[in-house]
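A.B. asks: Got a predicted structure plus its sequence, pasted below:
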Amino acid sequence: MLQEKISADLKGAMKAGKSFDVGVLRMLVSALNNKRIEKRGKGFADTLSNEEVIEVVRKEAKKRKEAIEAYLAGQREDLMAQEQRELVFLQQYLPAALSSAEVERVIDSVLAANPGVTHKEFGKLMGEAMKHLRGKADASTISEILKKKLGNPSMSLG
């Protein structure tokens, strides 16, 4: 299980004196513990499935991406570099993302299964695409490709 790998990596990083790795892994373990507590509060068992662990890692990676954008806008290259380094570190715990071509194939099949659907029904199509691609591709990438396929790449769908 991924959670056990993360715990083992934390122990290994502590023994090796890798302070950066220890810091990122402690943050990740904390986020996982928060997810467990959240589940327990909702009346579920507090063990996390591999999918839930991956979801937590994705959320943490997304936070890093957002911070990178903010630091870039604020011209804080020093802080941006730290966030990029953490993002790269976190990505080792995520499954490989599908290529744009693979995402396009899935979207093509979703469009084929929903003939005659227009850009006005973007939300429905996005939901269908996410059923097949959740955890395998970034939602913004899926959205961008779907908009392109619908023939209106500049439309704004908040």
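C.D. replies: Yep, it's here.
A.B. asks: Give me the three-state assignment for the most centrally placed residue in the chain.
C.D. replies: In the chain, the centroid-proximal residue (Cα atoms, centre = their mean) is Arg58; its distance is 3.2 Å. Three-state call for Arg58 (DSSP: H, G, I helix; E, B strand; the rest coil): helix.
A.B. asks: That one against Pro95, yeah?
C.D. replies: No - counting by Cβ atoms under 8 Å, Arg58 stays clear of Pro95, with 9.8 Å between them. C-beta here means a position set from N, CA and C on the backbone, and glycine is covered the same way.
A.B. asks: Would you mind splitting this structure into its domains for me?
C.D. replies: 2-91, 100-149 (automatic domain parsing).
A.B. asks: what bits of this structure have low per-residue confidence?
C.D. replies: 152-158 (pLDDT under 70).
A.B. asks: can you tell me which residues contact the residue sitting furthest away from the middle of the chain?
C.D. replies: Farthest-out residue of the chain from its mean C-alpha position, per Cα atoms, centre = their mean: Gly116, at 30.9 Å. Shown in contact with Gly116 (Cβ atoms under 8 Å, 6 or more residues apart in numbering): no residues.
A.B. asks: Okay, it and Asn33: tell me how far apart.
C.D. replies: Plainly put, Gly116 is 48 Å away from Asn33 if you go by Cβ to Cβ, to the nearest Å.
A.B. asks: cool, and Glu86?
C.D. replies: Distance from Glu86 to Asn33, by Cβ to Cβ: 18 Å.
A.B. asks: if we can go back for a sec, could you name every residue contacting both of Arg58 and Pro95?
C.D. replies: The contact lists of Arg58 and Pro95 share Gly135, where a contact means Cβ under 8 Å, 6+ apart.
A.B. asks: returning to that earlier point: between Glu86 and Asn33, tell me which one has more neighbours.
C.D. replies: In this view Glu86 and Asn33 are compared by other Cβ atoms under 10 Å, and Glu86 has more residues nearby, 21 against 13.
A.B. asks: now the helices for the chain?
C.D. replies: Assigned by DSSP state H, the chain shows helices spanning 2-16, 19-41, 50-73, 77-91, 100-113, 122-133, 139-149.
A.B. asks: got the buried residues for the second one?
C.D. replies: Spelled out, it's helix 19-41. Asp21, Val22, Val24, Leu25, Leu28, Ala31, Leu32, Lys35, Arg36 (16 or more other Cβ atoms under 10 Å).
A.B. asks: Check the last one too.
C.D. replies: By neighbour count, with 16+ other Cβ under 10 Å as the criterion, the buried positions of helix 139-149 are Ile142, Ser143, Ile145, Leu146, Lys147, Lys149.
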